[in-house]
Each structure stands twice: as structure tokens, then as C-alpha cells.
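[1] My questions are about this predicted structure, shown below with the sequence.
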Amino acid sequence: MTATGAVLCGGKSSRMGEDKASLQLNGQPMSEWVAGAMKKAGLESVVALGGHSSINMPIVPDELDAQGPLHVLINAVERLGDIVVCPCDVPLVSGKLFNLILAAGEASKKPVVLAKSDRLQPLIGLYKKSSLELLKFGFDRGVRGPKFALSEGDFSVVEASSSETQNINTPEEFAALTDSLRSSSVASSRYPLDTR
């Protein structure tokens, strides 16, 4: 399946207090940890959805500010077709998970494939071009998050670990992850990796 990797890099990062996409984790911006996992899954083209010019990948700007992630997804699918999406603040997401999502997308006629760990992850998954109309329908009726635009019949689910879907939203969570990586082999087994 041909799809474009799409790393969500917009948002105010208000809880973190600084831009999460460019925040350095073991010498790599968090957005590049996600992009690296996408490339390991064979996604040759990876772009940032929103974000600052300091991001080291092509940026697809959103056409409407402050309209939530659903509009960002609509804009990306309109421009790029099938996309594999993940927020920039999920740095431990794996290439294996993206491979499973892509394989499930190939096998399913449903327009969306979502990751699920302890809960459904509507911003980690595959949005096919065929999802566009139902996403637009949700947006037009006032929905701003994709989970409210989708019903169970619209998506397949791929199981993920809680670490693969862990959001890093605060300085405390970032510090805890940094300490954890120092004492494990996760960082050394995955990075440094040139994602350009």
C-alpha cells in the first residue's frame, strides 16, 4: 500500500511550555523519532502536518487555524491521499506498529485503521482517501476530533503497546522518558537515524 507518513506537529504545546516537535530527545527532535519509525515501515515520503520551519521535513500547513485535529486530517488527506498519521509527541511508536497498520489497511475495505492500546488512538493510524467524505461530514456538523466523526463500522483496529502510544505532554513526562531511555537500550537500538 502506498501512503504518506504524516507527523502531527501543530498545536500550542501549552502543557510542555515549548514546541514538542523540535524538543530534543537523546539528540533527536521528537518529531524525527516518529518520522524514523515511519521510514522503518517503508513509508518513503514523510511530512509534518503543521509546525515551525525548524522541523527537518516538508511541512503541510493547515488552511484553517485553531479548528482541531479533524480539519488537519481532512486537509492532509485532500492533499496527499492515503496517510499514516501520528503525533510528534509519541516518540516510542515503532516501525512494527506502522507495518501492522499498513497491512491491516491492505486487508480491510474500511476507510480507517486505528491503533489501540489501553484505549483507542484516533490520531495514530491510517486514513485512506476513502475516509474523506465521512471526516468532512463530521466536521460540517461541528465535530473537531476524528473519534467523534467515526463510528465503529468505519475503522479496523490494530493492537499496540502502551509505550508505543504514550504521549509526552509535560516537562515531567519528558524528564521521566529521558531518564528511562538512559537506563535502557531503546534509544541506542533505534537512533541515531538519519530521517532526511
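    Structure received. These numbers were taken from a predicted model, which means no experiment stands behind them.
[2] Grab the longest strand from this protein for me.
    With secondary structure taken from DSSP state E, the chain has its longest strand at strand 120-127.
[3] Sticking with the spatially most central residue of the chain, tell me its helix or strand.
    For the chain, residue 86 is the residue whose C-alpha lies nearest the centre (CA atoms, centre = their mean; 0.5 Å). Element membership for residue 86 (DSSP states H and E) is strand 83-87.
[4] May I have the helix or strand that that strand is followed by as PDB, with CA atoms only?
    Sequence order places helix 95-107 as the next helix or strand after strand 83-87, per DSSP H and E. Coordinates of each C-alpha in helix 95-107 appear next as PDB, following Å, rounded to 0.1, in the frame of the first residue of the first chain:
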ATOM      1  CA  GLY A  95       8.000   0.800  12.700                       C
ATOM      2  CA  LYS A  96       6.500  -2.500  13.600                       C
ATOM      3  CA  LEU A  97       3.200  -0.800  14.600                       C
ATOM      4  CA  PHE A  98       3.100   1.200  11.400                       C
ATOM      5  CA  ASN A  99       3.700  -2.000   9.400                       C
ATOM      6  CA  LEU A 100       0.800  -3.700  11.200                       C
ATOM      7  CA  ILE A 101      -1.400  -0.600  10.400                       C
ATOM      8  CA  LEU A 102      -0.400  -0.700   6.700                       C
ATOM      9  CA  ALA A 103      -1.100  -4.400   6.500                       C
ATOM     10  CA  ALA A 104      -4.500  -4.100   8.100                       C
ATOM     11  CA  GLY A 105      -5.300  -1.300   5.700                       C
ATOM     12  CA  GLU A 106      -4.400  -3.500   2.700                       C
ATOM     13  CA  ALA A 107      -6.600  -6.300   4.100                       C
END
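[5] Give me the buried positions along helix 95-107.
    Neighbour-count burial for helix 95-107, counted by 16 or more other CB atoms under 10 Å, picks out 95, 97-102, 104-105. Heads up, the C-betas are built off the backbone N, CA and C, glycines and all.
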